[in-house]
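Q: fold the following.
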Amino acid sequence: MRARAAVATALAPDGRTVVRRLASAPPLTLRQTGPYTVHLVSTAAGPLGGDRLALDLDVAPHTTLELGSVAATLVLPGRGESELLVTARVGAGATLRFTPEPTVLAAGCAHRLLVRLTLAADADVLWREEIVFGRYGEEPGRCHARFDATREGRAVLRQEFTVGEAALDSSPAVYGAARCVGNTFMTSAAKQAVVAEGVAVLPLAVPGTLVSALAADAVQLRSRLEWGERRAVVDGDDSVAYGGDADAPGLQ
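A: Predicted structure coming up:
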């Protein structure tokens, strides 16, 4: 299957954000659920092995887009490798919040998840990705994830990781006993690194923050990522370092 979906915003004369384009192609079906909120609704199984799916986001200057999904994405095996390419452009003074539900890697799948994010100088972004290692009681399929973010042509973050290779999945230096992995990229700049149980908040060299977390299940993963996202917007001081925050994972 080849499918491409797209969302584009525009600035109305009165300063409101309007969704000027909403293009869907199963299984990527988009529904506007608020003035500047759009949700992905799966209208077919997938991605299946061999599928090539693409999602394009174009956030016009001084507009806002919030994109989520109504359910998790289940990646299934098939003939060959599946691919989801998400391309996003965020204009000057624009805001993008990308928070879909987790991607679940069913046993036997082979998948590539590619993100290409281009930011204007003062764009504001929160981009969250969550991956679950298989359905209950099964081993995960394979997924290679790549994330590239640039601001005005300068690299902000380039990251890739693989799930579904036994040597990596079982290594205490990689995932250990975790069944989920997640990352949040934020243009908000944390003032210091913060580490708690299963989560790290890492300032980037170019203003921005990467929150990375491991967890036993999707609920715990979301909790740890959201904790890290909150830490990233707190003024840095010793009280939010590991062991000094009563709300930190593992200290509740």
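
Q: how about residue 119: what's its closest non-neighbour residue?
A: In space, and not counting its chain neighbours, residue 119 is closest to residue 151: 4.3 Å by Cβ to Cβ, 6 or more residues apart in numbering. In this view, the C-beta of every residue, glycine as well, is placed from N, C-alpha and C.

Q: pull out the buried residues from the helix ranked longest in the chain.
A: When the chain is parsed with DSSP state H, its longest helix is helix 218-232. Using 16 or more other Cβ atoms under 10 Å as the test for burial, helix 218-232 gives 218, 220-229, 231-232.

Q: nearest to residue 181, of these?
A: residue 221 (7.6 Å; Cβ to Cβ).

Q: what sits against that closest one?
A: 102, 130, 132, 180-182, 213-215 (Cβ atoms under 8 Å, 6 or more residues apart in numbering).

Q: which of these sit farthest apart?
A: Going by Cβ to Cβ, the pair spanning the contacts of residue 221 furthest: 102 and 214, at 13.5 Å.

Q: give me the common contacts of the two.
A: Common neighbours of residue 102 and residue 214 (Cβ under 8 Å, 6+ apart) are 180, 221.

Q: what about stretch 178-186, distance to the chain center?
A: 8 Å (Cα atoms, centre = their mean, to the nearest Å).

Q: could you do stretch 185-194 as well?
A: 16 Å.

Q: circling back: which of the buried residues of helix 218-232 sits closest to residue 203?
A: residue 232 (8.5 Å).

Q: residues touching residue 201, list them.
A: Here residue 201 is in contact with 190, 193-195, 209-211, 228, 231-232 (Cβ under 8 Å, 6+ apart).

Q: and if we set it to 7 Å?
A: Listed by Cβ atoms under 7 Å, 6 or more residues apart in numbering, the contact set of residue 201 reads 190, 193-194, 209, 211, 228, 231-232.

Q: so which of those is the closest to residue 146?
A: residue 211 (18.0 Å).

Q: run through who's touching the lowest-mean-pLDDT helix or strand in the chain.
A: Between all helices and strands in the chain, the lowest mean by mean pLDDT, DSSP states H and E belongs to helix 166-169, at a mean of 78. Contacting residues not belonging to helix 166-169 are listed as 162-163, 174-175 [Cβ under 7 Å, 6+ apart].
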